[in-house]
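[1] Fold the following.
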Amino acid sequence: MFFSSHVPFFRAVTAVQSFRMFARLSEWYNRPTLGSLDLLAEGLTAALGVEVYPPGAHIPNKLTIHDISRLSHSMMHIYNGEERIVVKFQAIISPGERRDVDITPGKKWTEMKESVRNQFNIHNVDVKFMSGERELQHFSDFENLNGAIVDVIQQPQHKYKLDPSLIAKKHNYNFTRKKDDRTVYTRGNYQYNRPYGWFRYAVAVKNVYGDDNTWLGSRGKRRIQTSDGEWPVSYHGTKMKNKGGFFATQTNIDESKIIDGVYSSPSLDIIDELYAEEFVHNRTKYKIAFQNRINPDIDGDHMKIISKQHTCDGAEYWVSPLEDQENKIYDVRPYGIIIKKIKTDNNPQNYTQLG
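    Predicted coordinates:
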């Protein structure tokens, strides 16, 4: 009687345990893995503000390294009190919503569009300008429109496909289980802060900028010292561009130290804290940021340094004032995309903001 009365209970407990074990194994098997292209596509969608689909999607446009640069770079524009108004017009984006807009000499067309998007607080769409039935496509189109009303038309997001050829998979590296052992690494004669705790997708950049790949340095596992002609490593996150960015965190910065150009930092800690974009994939939260090589030619004005003594957050920033894709000046070259898991939670209510 003792054994027969307890066997059904024992079997019931075993069945429940088996079900739970199966559920956990199923969840483990189907978990998003660091290194997967599906995860990367979701992260790039959050970071770049465009729709990036995983491989296999029927999307004609393949995401390129130049798209990543164009969509993620944080261009800052400071005029230092110089005379800058050539044409002032009123931009209307919807009934009752209008802004005064200045046309600035010496700036690119894409930069003027970015200025308008910032004024209207729209960042994930392209815009075009219409005067009546005529589309305004060049600065010269505005010459006779001083004080006029110009319609700002929002255009749909671009869609891209993440092609496997964008990633040099054999150079991916998992830093999630690596610990900082206080070894000092250098790249381009500057300290290189390895992305401990992150998974790095290596972008296929070899020969993208010409046959000379010296800027990448020599290959080798756990290489500590820099090699001749190598460029230093910096990081950037797209919150530097899309959410007020650098200047929102530098309220007390000396204006004389602010420089026009693309901003990044050798400090991954500050990018993680302030600028890395968050996203959710399969009910798990992640952060995404970009790892760059920077042209270190200070004498030629390709690189300027804002020391940590002049920033509110105590981090050093590097500025690349001559970066200009339109004229094939590539001083900021993303060569890695880094992602890390920041939280796992089974409560779906915690994901409504990041969805």
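[2] Each with direction, which strands does the strand or helix carrying residue 319 pair with?
    Following DSSP states H and E, one finds residue 319 within strand 317-320. Under the criterion DSSP bridges, strand 317-320 sits next to strand 261-264 (antiparallel), strand 304-306 (antiparallel) in its sheet.
[3] Go through these and pick out the most buried.
    Ranked by mean neighbour count under mean count of other CB atoms under 10 Å, those are led by strand 261-264, which reaches a mean of 26. To be clear about C-beta, it is placed using only N, CA and C from the backbone, and glycine gets the same treatment.
[4] Now that strand - C-alpha only, PDB.
    The C-alpha coordinates for strand 261-264 follow below in PDB (Å, rounded to 0.1, in the frame of the first residue of the first chain):
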ATOM      1  CA  GLY A 261      32.700  67.200 -37.400                       C
ATOM      2  CA  VAL A 262      32.000  63.600 -36.700                       C
ATOM      3  CA  TYR A 263      32.200  62.800 -33.000                       C
ATOM      4  CA  SER A 264      33.300  59.500 -31.400                       C
END
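[5] tell me the mean pLDDT for that strand?
    Average pLDDT, strand 261-264: 88.
[6] Check stretch 53-62 too.
    The model assigns stretch 53-62 a mean pLDDT of 92.
[7] rewinding a little: reformat the strands paired with strand 317-320 as a markdown table; add distance to residue 312.
    Shown next, in a markdown table, are these (distance: least, CB to CB, whole Å):
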| stretch | distance to residue 312 |
| --- | --- |
| strand 261-264 | 14 |
| strand 304-306 | 11 |
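[8] Mind checking these for the one nearest to residue 228?
    strand 304-306 (21.7 Å; CB to CB).
[9] So for the closest one, mean pLDDT?
    90.
[10] cool, stretch 165-181 as well?
    Here the average pLDDT along stretch 165-181 is 94.
[11] and if you look at stretch 326-344?
    90.
[12] what do you get for stretch 267-284?
    93.
[13] start to end distance for that stretch?
    In stretch 267-284, first residue to last residue: 25 Å (CA to CA, to the nearest Å).
[14] Quickly note the distance from residue 42 to residue 62.
    According to CB to CB, to the nearest Å, residue 42 and residue 62 sit 17 Å apart.
[15] If you count surrounding residues, which of the two has more?
    residue 42 (23 against 13; other CB atoms under 10 Å).
[16] On the three-state scheme, the more buried one is what?
    helix (DSSP: H, G, I helix; E, B strand; the rest coil).
[17] got the contact list for the residue lying closest to residue 209 once chain neighbours are set aside?
    Excluding the flanking residues, the one nearest residue 209 by CB to CB, 6 or more residues apart in numbering is residue 330, at 5.4 Å. By CB atoms under 8 Å, 6 or more residues apart in numbering, residue 330 lies in contact with 69, 209, 323.
[18] Report the separation between residue 330 and residue 239.
    Taking CB to CB as the measure, residue 330 falls 23 Å from residue 239.
[19] Just the element for the closest residue to residue 44 other than its chain neighbours, please.
    Excluding the flanking residues, the one nearest residue 44 by CB to CB, 6+ apart is residue 52, at 4.2 Å. Element membership of residue 52 [criterion: DSSP H and E] is strand 51-53.
[20] Kindly report the same for residue 336.
    Residue 336 belongs to strand 332-344, assigned by DSSP H and E.
[21] Mind splitting this protein into its structural domains?
    1-30, 79-157, 160-351 (automatic domain parsing).
[22] Where among those is average confidence lowest?
    Among these, domain 1-30 scores lowest, at a mean of 53.
[23] okay, stretch 116-130 in PDB with CA atoms only?
    The C-alpha trace of stretch 116-130 is given here as PDB (Å, rounded to 0.1, in the frame of the first residue of the first chain):
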ATOM      1  CA  VAL A 116      15.300  70.800 -40.700                       C
ATOM      2  CA  ARG A 117      14.700  67.300 -39.400                       C
ATOM      3  CA  ASN A 118      16.200  68.300 -36.000                       C
ATOM      4  CA  GLN A 119      14.000  71.400 -35.800                       C
ATOM      5  CA  PHE A 120      10.900  69.300 -36.400                       C
ATOM      6  CA  ASN A 121      12.200  66.500 -34.100                       C
ATOM      7  CA  ILE A 122      11.900  63.900 -36.900                       C
ATOM      8  CA  HIS A 123      14.900  61.600 -37.400                       C
ATOM      9  CA  ASN A 124      13.800  58.300 -39.000                       C
ATOM     10  CA  VAL A 125      12.500  59.600 -42.300                       C
ATOM     11  CA  ASP A 126      13.900  61.500 -45.300                       C
ATOM     12  CA  VAL A 127      12.400  64.900 -46.300                       C
ATOM     13  CA  LYS A 128      12.000  66.800 -49.500                       C
ATOM     14  CA  PHE A 129      11.100  70.500 -50.000                       C
ATOM     15  CA  MET A 130       8.300  71.800 -52.200                       C
END
